[in-house]
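In: take a look and give me a structure for this.
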Amino acid sequence: MAGTCSPASHAMICGLISTRLPAIAKPTHVMPACRPWRWVREALLSLQKSGLISISTGERARVIEPSAAILVDELGSAARFLLKTDAGVREFQQARAFFEVALARHAALHANADDLAQLKGALTTNERSFGNHSEFVRSDVEFHFQIAQVPRNSIFTALHSAMVGWLTEQRATASQTSGAAEAAIKSHRAIYRAISRRDPDAAEKAMGTHLAKVEADYWRAKQSQGIAVMRS
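Out: Residues are numbered from 1 along each chain as shown. This next block holds a predicted model:
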């Protein structure tokens with residue numbers, strides 16, 4: 001059935017991982033009505049897009065193991081198109097809130113000692129980076145990423161990384177509002193405290209409050225930018 005991967009197909013792909021495909025020379029003379037080279041090229045590009053092979057200039061195509069990162073990356077073009085509109089941005093903000101609130105709740109219930117140490121380290125780095133905008137943004141992302149790692153699910157971490165990329169403009173715009181960095185640090189402390197105390201309700205509330213504040217800062221900054229443009 002189209003769109004499915006049978007056990008036989010899965011076994012075949014697994015058995016070929018890291019195998020380099022045969023080199024295919026482009027024919028010098030091809031009948032106009034028959035273009036096998038084009039078909040082969042399109043087939044290879046389709047396999048690359050599906051995350052089944054890797055193609056590098058000057059090297060033969062190589063079979064690779066499909067990953068969550070490749071799967072999520074396929075959504076990139078559509079995501080960026082949706083983010084061109086305010087309605088699309090709002091939908092992504094809501095999706096991020098649902099996702100990260102659930103991750104925070106899960107972390108409060110399941111984070112182990114190492115997870116908490118990593119999260120505490122990310123929080124400390126975030127606090128120390130106050131005043132250095134680029135480092136603060138990087139450490140802000142890292143704090144949230146540590147929470148996404150707790151479930152040990154590659155789809156979650158890939159989706160989180162993709163969300164970071166898709167909502168870069170939101171993060172940059174929201175951070176321009178007065179007091180945004182101070183508020184973020186305060187929220188991160190509340191989130192860490194709730195997770196370390198094994199309080200899922202508090203973790204859920206702290207994350208939800210934090211993201212709601214980021215969203216509000218974003219739209220307030222966008223409105224201010226619009227007013228500034230109208231006055232210029």
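In: tell me where the chain is predicted with low confidence.
Out: Along the chain, the parts satisfying pLDDT under 70 run over 1-76, 226-232.
In: buried residues in the longest helix seen in the chain?
Out: Ordering each helix of the chain by length in residues (DSSP state H) puts helix 200-231 first. Residues of helix 200-231 classed as buried by neighbour count (16 or more other Cβ atoms under 10 Å): 200, 202-208, 210-211, 213-215, 217-219, 221-222. The C-beta positions use only the backbone N, C-alpha and C, and glycine is treated the same way.
In: got a list of contacts for stretch 191-200?
Out: Where contact means Cβ atoms under 8 Å, 6 or more residues apart in numbering, the residues beyond stretch 191-200 that reach it are 104-109, 111, 116, 119-120, 123, 147, 202-203, 205-207, 210.
In: per the record, what domains does the protein have?
Out: Following automatic domain parsing, one gets these domains for the chain: 7-66, 72-231.
In: tell me where this structure has strands.
Out: Listed from the start of the chain, the chain has strands (DSSP state E) covering 53-54, 62-63.
In: residue contacts, residue 209?
Out: For residue 209, the contacting residues are 187, 190, taking Cβ under 8 Å, 6+ apart as the criterion.
In: could you tell me how far it is located from residue 200?
Out: Distance check for residue 209 against residue 200: by Cβ to Cβ, to the nearest Å, it reads 15 Å.
In: next one: residue 99
Out: Residue 99 sits 16 Å away from residue 200, going by Cβ to Cβ.
In: check residue 185 too.
Out: Separation of residue 185 from residue 200 (Cβ to Cβ): 22 Å.
In: kindly report the same for residue 106.
Out: Plainly put, residue 106 is 8 Å away from residue 200 if you go by Cβ to Cβ.
In: so residue 212 makes contact with residue 97?
Out: Yes: between residue 212 and residue 97 there is a contact at 7.4 Å, judged by Cβ atoms under 8 Å.
In: OK, contacts around the residue lying closest to residue 156 once chain neighbours are set aside?
Out: Sequence neighbours aside, residue 148 is the residue nearest to residue 156 in space, at 5.4 Å (criterion: Cβ to Cβ, 6 or more residues apart in numbering). Shown here is residue 148, whose contacts under the criterion Cβ under 8 Å, 6+ apart are 100, 103, 156-157, 160.
In: let's see 7 Å
Out: With contact taken as Cβ atoms under 7 Å, 6 or more residues apart in numbering, residue 148 is in contact with 103, 156-157, 160.
In: same deal with residue 89?
Out: If you count contacts by Cβ under 7 Å, 6+ apart, residue 89 has them with 83, 170.
In: where's it relative to residue 215, distance?
Out: For residue 89, the distance to residue 215 under the criterion Cβ to Cβ works out to 9 Å.
In: doesn't residue 147 make contact with residue 157?
Out: No: counting by Cβ atoms under 7 Å, residue 157 stays clear of residue 147, with 10.4 Å between them.
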